[in-house]
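[1] this one's sequence-less:
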């Protein structure tokens, strides 16, 4: 009977997680259409490939690739007609077998105009290039800043102008930047290709100018057409602004391939890699192991066995601080140190019970020591998040949970080896920070469709907010019936649940992607390969700590 119940639960979990995966695929298919089929047809009529077609042609056929920020902007700009994928497509992939990052404006979305999230996404691409010293390719086709929102994109540190500052920084670092002007490139945006190392322009469809013909006429009274003002012939034969003149999109992309093919070798960080082995355990079992409810317990070790090579895991301090699992493994051949939240109730040697997913003082201490060890050995870190936060209450406070938690946050903050974060389930409050949330500079951070990111769960937050709301209404003299209270609770919880969704986080680039759990190995492997381009230049130092 017990085995039957286990099998039934496995099947229920599998059904639930496969439904989440189906939803993910539908959402991806929708955003991949950009501005829609009509806009795509219009792009083709102009003799141009779409942003995704350009990237697909540029990257090596049948090679692995990672898309950054596919859900950027989802649900954020409905009053402006929406902005699928933030109006820009970004992928990490191989060009002539060399790992690069490619940024392509999607002209089917508001003519490639820049929304606030577009700038944030472009800056994320540059951040990845800088951290990993990866060549970066810009495929430019943009009408410039989206004027109705100019106050949210123009002047601040994390706005549009920061991109050109990064161009200059990357150039000084020797990071290759290649830009192809394949459509409009106007106003401030004109600086991006010209601040790159080499610039291409497509004849008849590409144009670069600080001000178009209409503005020139209004400003100085000169009558001139856009092609003469800033087309391919002008910039390749008269101004010398661009270096290569291409007859069409494919010709430009072929030229980029030839340039990348001749880039010299790079120094490596020297992370350990051996022959890749598939997990012994069936990776698809993850769908049945991971509970459909974020409050249910499960054994995180069973997930780890289905992610790591040969299902082998060498635990560190196995019997101490058991609500965090730490240990060494390999993922696609790469040596990694894994820090994972244990999601089942555990019993300590003292006979005490500890809740799964909660960080206690001993588990924070263990994680801190393990992170230090990985930094000493130059082993990349992988964080598997399913955390509700740190333990609260008088016993924990008197035991110094704040101090031990601070030590763990310190170790994560000062870690010099590359970090990769996978949000499997809960990612609540300070637990998000300690387990290397976005604020702690993971090289890549992705979420499974089962993930939830927030200060606390929807249920807990709704209870707190309900207390505040009812207290406010009572002060106004309103009577709160049980029915009214339930209606308020449901309304608050529904609103909060929308915000804990992995898609809400992905739309704001708190994560780089929402992924199929079975793609986790690929993301970690390609992430470490990218990080291997950047030798570690700093020593691990945790500064002053209250021991």
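    Structure received. Since this is a predicted model, take the numbers as computed values, not measurements.
[2] Who are the contact partners of the residue lying closest to residue 516 once chain neighbours are set aside?
    Closest residue to residue 516 apart from its sequence neighbours, by C-beta to C-beta, 6 or more residues apart in numbering: residue 21 at 5.9 Å. Every C-beta, even on glycine, is put in place using the N, C-alpha and C of the backbone. Contact analysis of residue 21 by C-beta atoms under 8 Å, 6 or more residues apart in numbering lists 287, 449, 516.
[3] Cross those residues against helices and list the overlap.
    residue 287 (DSSP state H).
[4] Which single one of the contacts of residue 21 is nearest to residue 405?
    residue 449 (28.8 Å; C-beta to C-beta).
[5] Measure how buried the closest residue in space to that closest one that isn't next to it in sequence is and give me the count.
    In space, and not counting its chain neighbours, residue 449 is closest to residue 20: 3.7 Å by C-beta to C-beta, 6+ apart. Here the number of neighbours of residue 20 (other C-beta atoms under 10 Å) works out to 19.
[6] got it, and residue 347?
    So residue 347, with other C-beta under 10 Å, has 10 neighbours.
[7] Looks like it contacts residue 323 (just checking).
    No - if you go by C-beta atoms under 8 Å, residue 347 and residue 323 don't touch, sitting 11.3 Å apart.
[8] thinking again about what came up before, and the residue nearest to residue 516, how far from residue 290?
    Noted for residue 21: a distance of 11 Å to residue 290, by C-beta to C-beta, to the nearest Å.
[9] Quickly list what's touching both of these two.
    In contact with both residue 21 and residue 290: no residue, using C-beta under 8 Å, 6+ apart.
[10] what about the stretch 151-300 of the chain, any weak spots by pLDDT?
    Within the stretch 151-300 of the chain, the stretches with pLDDT under 70 are 188.
[11] Most neighbours out of the contacts of residue 21, which is it?
    Of all those, residue 449 has the most neighbours under the rule other C-beta under 10 Å, reaching 23 neighbours.
[12] Now list whatever residues contact both of residue 347 and residue 323.
    Each of residue 354 lies in contact with both residue 347 and residue 323 under the rule C-beta under 8 Å, 6+ apart.
[13] The worst-scoring helix or strand of the chain on mean pLDDT: which residues count as buried?
    Every helix and strand of the chain was ranked by mean pLDDT, DSSP states H and E. The lowest is helix 458-475, at a mean of 75. Across helix 458-475, burial judged by 16 or more other C-beta atoms under 10 Å covers 458, 460, 461, 462, 465, 466, 469, 470.
[14] Stretch 252-266 now?
    Using 16+ other C-beta under 10 Å as the test for burial, stretch 252-266 gives 252, 253, 255, 256, 257, 259, 260, 266.
[15] and if you look at stretch 177-196?
    Those would be 177-187, 189-196, for stretch 177-196 by 16+ other C-beta under 10 Å.
[16] How many residues are close by residue 147?
    Using other C-beta under 10 Å, the number of residues around residue 147 comes to 12.
[17] residues in contact with it?
    Going by C-beta under 8 Å, 6+ apart, the list of residues near residue 147 is empty.
[18] quick one on the thing from earlier: biggest separation within the buried residues of helix 458-475, which pair?
    Among the buried residues of helix 458-475, the pair separated by the greatest distance (C-beta to C-beta) is 458 and 470, at 17.8 Å.
[19] related to what we said a few turns ago, out of the buried residues of stretch 177-196, list just those in helices.
    191, 192, 193, 194.
[20] Mind putting the residues you listed into a markdown table with distance to residue 204?
    As requested, these are exported to a markdown table (distance: C-beta to C-beta, whole Å):
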| residue | distance to residue 204 |
| --- | --- |
| 191 | 23 |
| 192 | 21 |
| 193 | 17 |
| 194 | 20 |
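[21] does residue 480 sit in a helix, a strand or a coil?
    Following DSSP: H, G, I helix; E, B strand; the rest coil, we place residue 480 in the coil state.
[22] if I pick the residue lying closest to it once chain neighbours are set aside, what's in contact with it?
    Spatial nearest neighbour of residue 480, chain neighbours left out: residue 470 (5.2 Å); criterion: C-beta to C-beta, 6+ apart. Each residue near residue 470 by C-beta under 8 Å, 6+ apart is listed here: 480, 485, 488.
[23] Report pLDDT for the last one.
    You'll see residue 488 listed with a pLDDT of 78.
[24] That one: which element?
    helix 482-500 (DSSP states H and E).
[25] Return the angle between stretch directions for that helix and helix 458-475.
    130 degrees (axes from the mean of the first three to the mean of the last three C-alpha atoms, to 10 degrees).
[26] Packing partners of helix 482-500?
    With contacts taken as 3 or more C-beta pairs under 8 Å, 6 or more residues apart in numbering; DSSP states H and E, helix 482-500 sits against strand 452-454, helix 458-475.
[27] again, only this time at 10 Å
    Applying 3 or more C-beta pairs under 10 Å, 6 or more residues apart in numbering; DSSP states H and E, one finds that helix 482-500 contacts strand 419-428, strand 452-454, helix 458-475, helix 502-507.
[28] Between strand 419-428 and it, find me the angle.
    Here helix 482-500 runs at an angle of 180 degrees relative to strand 419-428 (the same axes, to 10 degrees).
[29] buried stuff in helix 482-500?
    Across helix 482-500, burial judged by 16+ other C-beta under 10 Å covers 488, 489, 492, 493, 496, 497, 500.
[30] who wins for proximity to residue 526 among the helices and strands packed on helix 482-500?
    Distance to residue 526, taken as C-beta to C-beta, is lowest for strand 419-428 among the helices and strands packed on helix 482-500, at 10.2 Å.
[31] Please name the strands paired to that closest one in the sheet, noting orientation.
    Here strand 419-428 is paired, per DSSP bridges, with strand 381-387 (parallel), strand 444-447 (parallel), strand 452-454 (parallel).
[32] Just say which of these is most tucked in.
    With neighbours taken as mean count of other C-beta atoms under 10 Å, these reach their highest mean count in strand 381-387, at a mean of 27.
[33] mean confidence score for that strand?
    98.
[34] next one: stretch 399-417
    On average, the pLDDT along stretch 399-417 is 92.
[35] Now do the buried residues in it.
    Residues of stretch 399-417 classed as buried: 401, 404-412, 414-415, 417 (neighbour count, 16+ other C-beta under 10 Å).
[36] Let's have these in a markdown table, adding distance to residue 430 and secondary structure.
    Supplementary listing: the buried residues of stretch 399-417 in a markdown table, determined by distance: C-beta to C-beta, whole Å; DSSP: H, G, I helix; E, B strand; the rest coil:
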| residue | distance to residue 430 | secondary structure |
| --- | --- | --- |
| 401 | 10 | helix |
| 404 | 12 | helix |
| 405 | 7 | helix |
| 406 | 10 | helix |
| 407 | 13 | helix |
| 408 | 10 | helix |
| 409 | 8 | helix |
| 410 | 13 | helix |
| 411 | 14 | helix |
| 412 | 11 | helix |
| 414 | 17 | helix |
| 415 | 17 | coil |
| 417 | 22 | coil |
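[37] Residue 382: which of the residues you listed is nearest?
    Using C-beta to C-beta, residue 417 comes nearest to residue 382 of the buried residues of stretch 399-417, at 10.6 Å.
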